[in-house]
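Participant: here you go, sequence then predicted model.
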Amino acid sequence: MYDYTSAADLCRWAEQQLNRQTFYQLGGIGRYDSSGRRLFDCVGLIKCFLWHDYGPGNTSYYGKTAPDINADQIYARATDKGPISTIPESPGLLVWQRGHIGIYIGGGQVIEATAKRWGSVGGCVVKSQFRDKTAAMYRGTWTHWLRCPFLMYEEDEGMGIKDSYKTEVYNGLTIQIARMGLDPDYEYKGTVVGKPFGPNAVQRSQSIDDPELEAAGWQSCGHTNGGIFYKEPSDGNWMASGIEVLMGNATQLWDTRFDSCAAIGFYHSGEMIIGTQVEIKALAAAGQLRGAVTAAFGIKLNGQRWTAGSEFNSQRDYIYSNKSGRTIVGQAANGQYVMVSVPGVSGKSGLTGSQLPALADHLGLTAAVCLDGGGSRYLSYCGSIKTNTTRAVKNDIIIYRRKKASPAPDPEPDTKPNHQPDTGGDGMVLITDKGPLRIRNAVMGDKILYTVPQGEQIDILDMLAGRQQDGYQWAFVSYTPVGKSDKIIGYSQIDLDYSQMDEKEN
């Protein structure tokens, strides 16, 4: 059996389908007809692999992370893609043209389920060619390549993804996109910064930062404008709504009118959380957040469109129906933090709130909120200002980063945890729900023994007492890879925002 998050395994599996009796059928996802042929359409070939090939013990990796989508929607969701002329020599990429998709296996070759026929060949799973025009099965109509958003590629393993900034034309507008948080050479912290609640605001020409983090060597990687302003019916003054936490201190009284609206927060350890204001408020009240602010409205949550809270303020309705949605902060399926700035001024240009979920899908965001825009729009990346305004603003959101320190030498043997495998465990399991977890051979780093795919179960053998120096709870764990009998024994972080723990059934 395969690790179904691997692009290389996708290629091997696709090659195997060439040796089977197959038939092209619209909507086919690998089931068999009465004559024993497997039925596929183009995207169904990819779904069959991602859905664990209908085998016993189906883990349904794809079904747990995304809705059932077609070829064009997979292309729209992909965050790494380009014209077919720029395709990297990376087997396991997908190739796309409007309404059709295939699996690139290298050398200009594509395995695809197609209705097209080349003489007596076709109407099934075939191996075509798009570089060699003399090839018997030449298809020169592919327009783009993409990395499948539901697969792990070799370059992702252990190497991470570099922080990046780019511009892209979307819906006729040049949008700015900063992606951060997965570069293995850095550690990251997100926070909300600004001025305390009240009539306090600063012109954009003044610095809005987190002096405590900067004194500790953290540097701004992505920096954008924060929460939206609302007009109070009683006095007509503009003021920021809802919860606001700055450097661990709540600076604004809770406004229960906005409890079902979207909010964004950052734990003291730096991880981002997006939820309703009532959820973020509870974490802030418990002292768990360094920064938090209520957003204009939610765009995506857990991969689904999010419109809750629209009935609670007119400003949200105004942005939602007018072209005023300009600043988006969210998180991609791979865990990257993403900041997006859309040009425009109030009511004249930009994107409507109803258009923003499509943009989030296009960027591969599974959670995202809309913040203030127009005259307060601001984005800087690694200290370089990309968009600036002069309007007085009250708070900002910053993703900080700093170079990781050189690994400390291993402690003396008598100070290292001395665990022995306990096959009984403590009756708990850890199930990843946002991305892969890495099992290590020592607490807080050292060699990675195994990367556990999203959705797999890890047995908790022993919980280590207290939080470690990196701010995480750690556990001694056991994991048996799918299709193997040998167990991987080591240490894993237990971050309840990242994962869930369940009682193990006896």
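Facilitator: Ah, there it is.
Participant: can you tell me the SS state at residue 275?
Facilitator: Assigned state for residue 275: strand (three-state reduction, DSSP: H, G, I helix; E, B strand; the rest coil).
Participant: pretty sure it contacts residue 263?
Facilitator: Yes - between residue 275 and residue 263 there is a contact at 6.5 Å, judged by C-beta atoms under 8 Å. Backbone N, C-alpha and C define where each C-beta goes, glycine included.
Participant: the two: who's more crowded?
Facilitator: Under the criterion of other C-beta atoms under 10 Å, the comparison of residue 275 against residue 263 puts residue 263 first, with 30 against 20.
Participant: measure stretch 266-278 end to end?
Facilitator: 15 Å (C-alpha to C-alpha, to the nearest Å).
Participant: could you list the buried residues of that stretch?
Facilitator: Buried positions in stretch 266-278, judged by neighbour count with 16 or more other C-beta atoms under 10 Å: 266-267, 269-278.
Participant: list just the nearest of the residues you listed to residue 99.
Facilitator: Closest approach between the buried residues of stretch 266-278 and residue 99, by C-beta to C-beta: residue 274, at 33.3 Å.
Participant: quick check: next helix or strand after the helix or strand of the chain with the lowest mean pLDDT?
Facilitator: Ranked by mean pLDDT, DSSP states H and E, the helix or strand of the chain with the weakest confidence is helix 61-65, at a mean of 42. Sequence order places helix 71-77 as the next helix or strand after helix 61-65, per DSSP states H and E.
Participant: how deep is residue 173 tucked in, by neighbour count?
Facilitator: Counted with other C-beta under 10 Å, the neighbours of residue 173 add up to 16.
Participant: may I have the beta-bridge partners of it?
Facilitator: The residues paired with residue 173 through beta bridges, assigned by DSSP bridges, are residue 170.
Participant: residue 393 touches residue 205, doesn't it?
Facilitator: No - counting by C-beta under 8 Å, residue 393 stays clear of residue 205, with 11.0 Å between them.
Participant: who's more crowded, these two?
Facilitator: residue 393 (25 against 8).
Participant: who's in contact with that one?
Facilitator: The neighbours of residue 393, taking C-beta atoms under 8 Å, 6 or more residues apart in numbering as the test, are 194, 201-202, 204, 208, 225-226, 372, 376, 378.
Participant: in ChimeraX, select just the buried ones from the residues you listed.
Facilitator: Taking 16+ other C-beta under 10 Å as the burial criterion, the selection of buried members of the contacts of residue 393 in ChimeraX is written as:
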select :194,201,204,208,225,226,372,376,378
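Participant: distance from the chain centre to stretch 333-345, please.
Facilitator: Average the C-alpha atoms of stretch 333-345, do the same for its chain, and the two points are 12 Å apart (C-alpha atoms, centre = their mean, to the nearest Å).
Participant: repeat that for stretch 213-220.
Facilitator: From the chain centre to the centre of stretch 213-220 is a distance of 25 Å (C-alpha atoms, centre = their mean).
Participant: ramachandran angles for residue 15?
Facilitator: Recorded main-chain torsions at residue 15 are phi -60, psi -40, according to degrees, to the nearest 10.
Participant: looking at the contacts of residue 393, which is nearest residue 163?
Facilitator: Looking across the contacts of residue 393 and measuring by C-beta to C-beta, the closest to residue 163 is residue 378, at 18.4 Å.
Participant: tell me the buried residues in the strand ranked longest in the chain?
Facilitator: Of all segments of type strand in the chain, defined using DSSP state E, the longest is strand 457-467. Buried residues in strand 457-467, defined by neighbour count with 16+ other C-beta under 10 Å: 458-462, 464.
Participant: as CSV, these with distance to residue 15 and pLDDT would be great.
Facilitator: What follows is the buried residues of strand 457-467, written out as CSV (distance: C-beta to C-beta, whole Å; pLDDT from 0 to 100):
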residue, distance to residue 15, pLDDT
458, 32, 84
459, 34, 83
460, 38, 81
461, 39, 81
462, 43, 78
464, 44, 75
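Participant: kindly reformat the residues you listed as JSON lines containing distance to residue 47.
Facilitator: Written out in JSON lines, the entries for those read as follows (distance: C-beta to C-beta, whole Å):
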{"residue": "458", "distance to residue 47": "27"}
{"residue": "459", "distance to residue 47": "30"}
{"residue": "460", "distance to residue 47": "33"}
{"residue": "461", "distance to residue 47": "36"}
{"residue": "462", "distance to residue 47": "39"}
{"residue": "464", "distance to residue 47": "40"}
